[in-house]
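Asks: sharing a model prediction with you, sequence too.
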Amino acid sequence: SVAEPLGLRPHDPVLLLHSTAWDVTGRPVEFFVAYHRGDRSRFQVSLRRHRERLGAVPNMIVHDDR
């Protein structure tokens, strides 16, 4: 359980983040899964739209796993 290391009670909500970074060839070079307390975390994300190129890999993928 992630509750104890985060100082939470069982069943308290947490933010679950998955991240993958790719190199310029599109090869994944880093992957992580992180759990964050919602009451102690703040995230700021800046996105820029680039013209799509054939075979381009997105810088960030945001999805909802509900």
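Replies: That came in fine, so what should we check first? All values reported here derive from a predicted model rather than from experimental measurement. Numbering: from 1, shown residues only.
Asks: not counting residues beside it along the chain, what's closest to Asp23?
Replies: Distances taken as Cβ to Cβ, 6 or more residues apart in numbering put Val29 closest to Asp23, at 5.0 Å, once the chain neighbours are dropped. Every C-beta, even on glycine, is put in place using the N, C-alpha and C of the backbone.
Asks: for the helix or strand harbouring that neighbour, packing partners?
Replies: Using DSSP states H and E, Val29 sits within strand 28-37. Packed against strand 28-37 by the contact rule (3 or more Cβ pairs under 8 Å, 6 or more residues apart in numbering; DSSP states H and E) you find helix 3-6, strand 14-22.
Asks: and for stretch 2-17, what's in contact with it?
Replies: Stretch 2-17 is touched from outside by 1, 32-38, 41, with contacts defined as Cβ atoms under 8 Å, 6 or more residues apart in numbering.
Asks: one more time with 7 Å, if that's ok
Replies: 1, 34-38, 41 (Cβ atoms under 7 Å, 6 or more residues apart in numbering).
Asks: same deal with stretch 18-38?
Replies: 2, 6, 8, 13-17, 55, 57.
Asks: looking at those, which two lie furthest apart in space?
Replies: Leu8 and Gly55 (42.1 Å; Cβ to Cβ).
Asks: in the chain, which helix or strand is least confident?
Replies: For the chain, scoring each helix and strand by mean pLDDT, DSSP states H and E identifies strand 14-22 as the least confident one, at a mean of 86.
Asks: tell me which strands it pairs with, and in which orientation.
Replies: Strand 14-22 has its sheet partners listed here by DSSP bridges as strand 28-37 (antiparallel).
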